[in-house]
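Colleague: What shape does this take:
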Amino acid sequence: MKKILLFSLSVLSTVTFSQIINKTKIEAYSTKNKSVTIYTSADSTSLRLTKTNSDLKFLEMKQPLETQVCIFVNPDKKFQTFMGIGGAITDASAEVFAKLSPEKQTEFINAYYSKDKGIGYSLIRTNMSSCDFSSDVYDYINEGDKNLNSFTIEHDKKFKIPLIKKVIQSIGKDANLYISPWSPPAFMKDNNSKLQGGKLMPEFNQSWANYYVRYINALQKEGISVWGLTIQNEPMAKQRWESCIFSAEEERDFLKNYLGPTLAKASLGNKKIIIWDHNRDLISQRVSTILSDVQANKYVWGIGFHWYENWSGGEMMFDNIGKVNEMYPDKNLLFTEGCVESFNANKYQLWKNGERYGKSMINDFNNGTVGWTDWNVLLDNNGGPNHVGNFCFAPIHGDLSTKELIYTPSYYFIGHFSKFINKGAKRISSIASRSQLLTTSFQNPDGKVITVVMNQSNSKITYYLYLGTVASEITILPHAIQTLVY
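Modeller: Presented below is the predicted three-dimensional model:
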């Protein structure tokens, strides 16, 4: 009887394993009966997310030559799951939006948040109390109110909340909104100012943790679901605008002793907590300090990062993201802010501004990033409003003198990813054979593969999109970005 039972279990296991193998074979990607559709944006042309080719076939091509430029895509090698792309709805963005005509407001909403009419944003970041891209310095409580009895988000109901509601309605179920604080109230800090850095004083740790809870609950009372939060925007930067310094140890201890338990106690333990929220340069030290602590680690969903480490004159440090991903593969990497600084209206259409986005997004995704959030979604024709004159570019500007929307190259570069890659997609292996080309690829839940290719060179390049033993011959213009759908 025992032998019969063991035999039966063995047969059952073999059948089950065979079913898994067969299922894998059924779901394996095949280029059979598939063709490639190409969308292109290119410098010194009118091409902007323009369909430039369709129905390109895959032909047998077993061994590429050294002289042939190739993009090698392998759908069998899958990596992180994609959650979305978006931008920040700041006070500045909401104020500019409110000054647009109803027609331009509709155009703006469609341009960002519609997959069909626009580029399909789904991530939203917003500031908790004032930041540099606010017209004034404000808080949700009266000065000195440690118990938060005066807490109200009435300030946000004028501009920011109405826009957030419109955006979430447009996005639908895929919307994910997260909040970021720039500074605690002045009285809670050792410099008695929301500006110029300073530190949260220990006696206000609990009050500040309670502040997040009050803000999240206030937004959700307005019908705005909050998906997550970062602990502190740029915790190592002393800025002339709203800022607050947290060392790695201070952020760790605030999270494990105050913020994490306070959110859990308030039945908000499902909110995704993101640490760091600063540049790629110091990221490994911050992450190691926090995540090596078991009690802090359990509260952390992911690691946020920005792209401003080149302030020192160096290059963007993309490899740091990959190294952190290797160290903590169970945590999520989320790009939480980037913009082109130093606004100049004469440079609205400067192509290299868009290329900065393309290069960063490709590298960040290839290093394990699950989502990518730009800074302000909308600014005016002065690069603001901004209460400290820290003006910058946005992908779309609202010219309040002409009442028109201005679309910059950055908008189109971001769109080459956000319009085509869907929530739940898996990044797959995508490798270029020449350094002039950058590439990343994803397979959408419906099985379609999306490959983004960026030409950094001054030359037109013919390359082969290569999958297994078949390839499709494609040409990319100088300083162009393409999205291939197949």
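
Colleague: Can you show me the strands along the stretch 101-250 of the chain?
Modeller: In the stretch 101-250 of the chain, strands defined by DSSP state E, counting those that start in this stretch lie at 123-128, 176-181, 228-230, listed in chain order.

Colleague: in this structure, which residue is closest to the centre?
Modeller: The residue lying closest to the centre of the chain (Cα atoms, centre = their mean) is W372, at 1.3 Å.

Colleague: my guess is that one is in a strand, correct?
Modeller: Yes. Checked against DSSP: H, G, I helix; E, B strand; the rest coil, W372 lies within a strand.

Colleague: can you pull the contacts of I231?
Modeller: With contacts defined as Cβ atoms under 8 Å, 6 or more residues apart in numbering, I231 is in contact with P181, F246, E251, F254, L255, L259, I273, I274, I275, D277. Any C-beta I mention is one placed from the backbone N, CA and C, and that applies to glycine too.

Colleague: What is the burial count for the first one?
Modeller: In other words, P181. For P181, the neighbour count with other Cβ atoms under 10 Å is 22.

Colleague: Ok, the last one next?
Modeller: Neighbour count of D277, defined by other Cβ under 10 Å: 24.

Colleague: What residues does it make contact with?
Modeller: Taking Cβ under 8 Å, 6+ apart as the definition of contact, the neighbours of D277 are S180, T230, I231, Q232, N233, E234, P235, G304, F305, H306, T336, E337.

Colleague: try the first one
Modeller: Taking Cβ under 8 Å, 6+ apart, we find P181 in contact with N127, M128, S129, Y211, Y212, T230, I231, Q232, N233, C244.

Colleague: And the closest residue to the first one other than its chain neighbours, how far from S247?
Modeller: Pointing back at N127 there. Leaving aside its chain neighbours, N127 sits nearest to T90 (5.6 Å; criterion: Cβ to Cβ, 6 or more residues apart in numbering). The gap separating T90 from S247 is 27 Å, by Cβ to Cβ, to the nearest Å.

Colleague: With neighbour numbers in mind, choose between these two.
Modeller: Comparing T90 with S247 by neighbour count (other Cβ under 10 Å), the higher total belongs to T90, at 28 against 13.

Colleague: Hmm, that one is touching S129, no?
Modeller: No. Distance between T90 and S129: 11.7 Å, which falls outside the contact criterion (Cβ atoms under 8 Å).

Colleague: ok, P162 to F151 distance?
Modeller: Distance from P162 to F151, counting by Cβ to Cβ: 20 Å.

Colleague: These two: who's more crowded?
Modeller: With neighbours defined as other Cβ under 10 Å, P162 and F151 compare such that F151 has more, 18 against 15.

Colleague: what about stretch 233-243, start to end distance?
Modeller: 7 Å (Cα to Cα, to the nearest Å).

Colleague: which outside residues touch stretch 401-416?
Modeller: Contacting residues not belonging to stretch 401-416 are listed as 39, 41, 48-49, 85, 100-101, 104, 107-108, 111, 118-119, 340, 348-351, 353-358, 361, 374, 381, 393-399, 452, 481-483 [Cβ under 8 Å, 6+ apart].

Colleague: could I get that stretch in CSV with only the CA atoms?
Modeller: Listed in CSV are the C-alpha atoms of stretch 401-416, where the atom choice follows Å, rounded to 0.1, in the frame of the first residue of the first chain:
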residue,chain,number,x,y,z
SER,A,401,0.3,85.6,-21.6
THR,A,402,-0.7,83.7,-24.7
LYS,A,403,-3.0,81.2,-22.8
GLU,A,404,-1.3,78.4,-24.7
LEU,A,405,0.3,75.1,-23.5
ILE,A,406,3.9,74.6,-24.5
TYR,A,407,5.1,71.0,-24.9
THR,A,408,8.9,70.6,-24.4
PRO,A,409,11.0,67.7,-25.6
SER,A,410,10.9,66.2,-22.1
TYR,A,411,7.2,65.5,-22.5
TYR,A,412,7.8,63.4,-25.6
PHE,A,413,10.8,61.6,-24.2
ILE,A,414,8.8,60.5,-21.1
GLY,A,415,5.9,59.6,-23.4
HIS,A,416,8.0,57.1,-25.2
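
Colleague: Output the below-cut-off pLDDT ranges for this structure.
Modeller: Low-confidence segments of the chain, defined by pLDDT under 70, are located at 1-27.

Colleague: quick one, helices of it?
Modeller: Taking DSSP state H as the test, the helices found in the chain are 2-27, 91-98, 102-113, 160-171, 205-221, 248-254, 260-265, 283-291, 294-297, 318-327, 351-366, 409-418.

Colleague: which residues in the stretch 301-450 of the chain form strands?
Modeller: Taking DSSP E, counting those that start in this stretch to define them, one finds strands in the stretch 301-450 of the chain at 332-337, 369-376, 379-380, 396-399, 404-407, 426-432, 437-443, 449-455.

Colleague: what pairs with the first one, and is each one parallel or antiparallel?
Modeller: Pointing back at strand 332-337 there. Here strand 332-337 is paired, per DSSP bridges, with strand 300-306 (parallel), strand 369-376 (parallel).

Colleague: If I take it and strand 123-128, what angle do their directions form?
Modeller: 60 degrees (axes from the mean of the first three to the mean of the last three Cα atoms, to 10 degrees).

Colleague: Show me the contact partners of strand 332-337.
Modeller: By Cβ under 8 Å, 6+ apart, the surrounding residues in contact with strand 332-337 are 80, 83, 88, 125, 180, 230, 233, 274, 277, 301-307, 321, 324-325, 360-361, 364, 367-375.
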